[in-house]
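Engineer: have a look; sequence and predicted model below, questions after that.
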Amino acid sequence: MLDTHTFAALPHEPAPAAYAFGRFVLRRRERLLLADGAPVELGSRAVEVLLALVEADGALLTKGALLDRVWPGVVVEENNVQVQVSAVRRTLGPEGRGWVATVPGRGYRFTGPVAALPPDGGAAAPTAHPPEAPEPLPLSVLVLPFAGRGADPAGGWFADALTDGLTTELARALPPGVGGAVAAQASADTYRGHGVDVRAIGRAQGVRYVVEGSVLLAGERVRVNAQLVAADTGAHLWAERFDKACRRPHGNGGDDDGGCVLQLQDTIVGRISRAVGLQMVDAEARRAERAEHEHPGRAVEALDYVLRARALVVRGTMTREAIEAACALYARALARDPENADALAGIACLRAHQVVKGYLDETGQTVRDEAEAREAALAEAEKKLARALAIAPGHAGALMGRAMLLRARGLFADAVAAAEAVLARSPGELLAHKEIGLSLLCLGRAEEAVARFERADALAPGDDPARWTWLHGLGRALLQLGRDAEAADALRRAVAGNPTFAHAHALLAAALALAGEEAPARAAMAQFRRMEPDTPLDALAQRCASPFGATDPLYKARNRRVLEGLRRAAAMPAGLLAGPAAAA
C-alpha cells in the first residue's frame, strides 16, 4: 500500500502513467481525466484531490494530508477539501459517486476498482502538453509584509503585527467554499524588503490578489496605507489610508502600551479585512457574470452562483427584491452542490432577514398566514444552518447566521452569546458587533447597544455598503435614550447610505421632530409616506429588527418616544395617527 503521508510510489517501481477505474482514466503527468477516451472538464484542484485518493490505494487520507498535497504553503479552511470532493463526485456521476467514501470526522478513501497503467501502456490520450499551474482559487490572496516607514523603530514591529493579524483574519473571514485561501506568511516573507512585481508574485504563489501596505508612526499618531491589487493585471482595486491616535504605540512594554495598541491593531486589521473581502467577492462575482455572458454554453459551477449571491447582498440595499434574487442564486448553487456550506448559510441568513424585516408579510394575508410563513422561513433557516455547520463546523457565515436566527426568534440573550462567540474567533468582525447591538437594544440595554454600533462603525472601511444597517440601529438606540440630535445625525447617514429603506426615513422624521426641527421632520415624514402611504404609525413605531412582543419592558417603555416623535412629525391629531387599525 502506498504511503499516505508522502504519496510516494513504492521503491524500485516506476510510477504508473495512468490509473483506470470504470470508464475513466486519470493520467498522472498531464493531470488529465478521461471518460470513455474523451477529456473531462474538472478543475485542477479537484483533479489533484482525485489523484491523491487514487494513489493512496484504498488507504484513508485525512483532510490535513489532502490540504498539504493540494494547497502546499497556502492557508485554507478544511471545507475546501469537501468542495473539491463534491466536484469529483459530480464528475464521476452515478456510477462512480460512491467510490469516494467519507470516513466521518477523519477524511476520505477511494474504494473503486483501480488498475495502474504502466508508462508504456494504457489508454491513448490526446496530444500531451506540459502540466499547467493550477488555476488560482477565486478568493486567493497574499498579504505582503507591511513596510515600516519613518525613523521610529516601533514602526517595524507594528507593521509586522498588522501583517500577521491581517493574514490570520483573512484566513478566518474568507468563505472557504468559494475558494478562499490566504498564502502562508512564510511565502510572503520571501518578498520582504524587495521591490515587488505583483504579477510575478501572483504567478509564483498561485494567488489572484495581493495586499500591500505601509506603517508610519509619528508621535502618538499612526498612519497606515493599504491597497488591494489584482495579481493578473496589476490593477489597483482598492486603497485606503487610516490615521489614528494612540497613546505611546511603541511596543516598549509600558502600562499604556497594551490596550490602546491592541485595540488599534484590531480596528485597522478589521477594516482592511472587511474592505479586502468585499472587493474580492465583488470582483469575482463580476468575473463569473462575464464568463456566463461570454460563454453561455459553459457549465456554471456552484461557486459562481455563491459568489454572485454574496456580491448581490453586499452591493445592494437588502431590499425584498435583492434578497429574493440572492436566495434564487444560492438555490441554484445548491442544485449543483447540495453540500455547499456557503450557500446553505447564505440562504439561512437571508431567511432570517426576511422574517425580521417583514418581507414575508403580504397584503391580504391573515395573521395566521403571516405567522405560518414566518415560522416556515425560520424552520428552513434552522435546518440549513445545522447542515452548514455539520459540513463546516467553524463556518463564519453560519455562526453569524445562528446569531441572526436567535434574534429573529426573540432569544436575545442567546443571540448575544452566539455573536460573542464569533468575535472570540474573529475580533475584527464588525457585523458581530452590529448583531450584539441589535439584541442588546431589544433587551433594554440601549447604552451598551450604542457602544456596539459605534464599534462596528469604527471597524468599517469608509465605503462599506452595509454601514446604513448599524447606523439605523444606532439612531434608534439614541432616540430611545433621548439623544435626539445625535439620533438624527446617525439616521441622516443611514438614509444617505440606503435611500430605499423606508423605516430609516420614518425614524429620522421622529428624531428631527423631537429635536425641534419641524420642517426637516415634515420632509422626512413626507418621503416615508411616499414609500409607505398606508402604514399605521403605531405599527411603524413597533417595527424593529426583532419580534416586538419579545422585547424587554424597558425597550417598550422607551419606545414610546419613537411614537411621540412620529406623531409630531406627522402633525396630525392623535386620534388619526394610528391609521386604519385605530378606526377599526
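Structural biologist: Yep, it's here. Residues are numbered from 1 along each chain as shown.
Engineer: from now on I want contacts and neighbour counts done on CA atoms only, so please keep to that.
Structural biologist: OK.
Engineer: for this structure, which helix is longest?
Structural biologist: Counting residues, the longest helix in the chain under DSSP state H turns out to be helix 257-294.
Engineer: can you give me the buried ones in it?
Structural biologist: Buried residues in helix 257-294, counting neighbours by 16 or more other C-alpha atoms under 10 Å, are found at 257-258, 260-261, 264-289.
Engineer: try stretch 106-118
Structural biologist: With burial defined by 16+ other C-alpha under 10 Å, the residues of stretch 106-118 counted as buried are 107-112, 114, 116-117.
Engineer: alpha carbons of that stretch, as CSV, please.
Structural biologist: Extracted in CSV, the C-alpha atoms of stretch 106-118 (Å, rounded to 0.1, in the frame of the first residue of the first chain):
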residue,chain,number,x,y,z
ARG,A,106,-11.4,11.7,9.7
GLY,A,107,-11.1,12.0,5.9
TYR,A,108,-11.7,10.1,2.6
ARG,A,109,-10.7,7.0,0.8
PHE,A,110,-11.1,5.8,-2.8
THR,A,111,-13.0,2.4,-2.9
GLY,A,112,-13.4,1.9,-6.6
PRO,A,113,-11.6,-0.7,-8.7
VAL,A,114,-8.3,0.8,-9.8
ALA,A,115,-5.8,-0.6,-12.4
ALA,A,116,-2.4,1.1,-12.7
LEU,A,117,-1.3,1.5,-16.3
PRO,A,118,2.5,1.3,-16.9
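Engineer: and residue 107, its phi and psi?
Structural biologist: The phi and psi values for residue 107, taken as degrees, to the nearest 10, are phi 170, psi -140.
Engineer: residues contacting it?
Structural biologist: If a contact means C-alpha atoms under 8 Å, 6 or more residues apart in numbering, then residue 107 has 60-63 as its contacts.
Engineer: tell me which other helices or strands the longest helix of the chain touches.
Structural biologist: Using 3 or more C-alpha pairs under 8 Å, 6 or more residues apart in numbering; DSSP states H and E as the contact criterion, the neighbours of helix 257-294 among helices and strands are strand 139-143, helix 154-173, strand 236-245, helix 302-315, helix 446-459.
Engineer: let's go with 6 Å and repeat that
Structural biologist: Other helices and strands packing on helix 257-294, by 3 or more C-alpha pairs under 6 Å, 6 or more residues apart in numbering; DSSP states H and E, are helix 302-315, helix 446-459.
Engineer: dump whichever helix or strand comes after the first one to CSV, restricted to CA.
Structural biologist: Pointing back at helix 302-315 there. Scanning the chain past helix 302-315 towards its C-terminal end, the next helix or strand to appear is helix 320-336 (assignment: DSSP states H and E). Once side chains and other backbone atoms are set aside, the C-alpha atoms of helix 320-336 remain, and they are given as CSV (Å, rounded to 0.1, in the frame of the first residue of the first chain):
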residue,chain,number,x,y,z
ARG,A,320,-37.1,42.5,-0.8
GLU,A,321,-36.2,42.0,-4.4
ALA,A,322,-32.4,41.8,-3.8
ILE,A,323,-32.9,39.2,-1.1
GLU,A,324,-35.2,37.1,-3.3
ALA,A,325,-32.7,37.3,-6.2
ALA,A,326,-29.8,36.3,-3.9
CYS,A,327,-31.9,33.3,-2.5
ALA,A,328,-32.5,32.2,-6.0
LEU,A,329,-28.8,32.2,-6.8
TYR,A,330,-28.0,30.3,-3.6
ALA,A,331,-30.7,27.8,-4.6
ARG,A,332,-29.1,27.3,-8.0
ALA,A,333,-25.7,26.7,-6.2
LEU,A,334,-27.3,24.0,-4.0
ALA,A,335,-28.8,22.4,-7.1
ARG,A,336,-25.2,22.0,-8.3
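Engineer: and the contacts of helix 320-336?
Structural biologist: By C-alpha atoms under 6 Å, 6 or more residues apart in numbering, the residues outside helix 320-336 that reach it are 302, 305-306, 309, 343, 347.
Engineer: most neighbours out of the residues you listed, which is it?
Structural biologist: By neighbour count, taken as other C-alpha atoms under 10 Å, the most surrounded of the contacts of helix 320-336 turns out to be residue 343 (34 neighbours).
Engineer: which element is that residue on?
Structural biologist: The secondary structure element spanning residue 343 is helix 341-356 (assigned by DSSP H and E).
Engineer: which elements pack onto the helix or strand following that helix?
Structural biologist: Once helix 341-356 ends, the next helix or strand along the chain (criterion: DSSP H and E) is helix 367-391. Here helix 367-391 touches helix 341-356, going by 3+ C-alpha pairs under 6 Å, 6+ apart.
Engineer: ok so, going back, restricted to helices, list the contacts of residue 107.
Structural biologist: Taking DSSP H, the ones among the contacts of residue 107 that sit in helices are residue 63.
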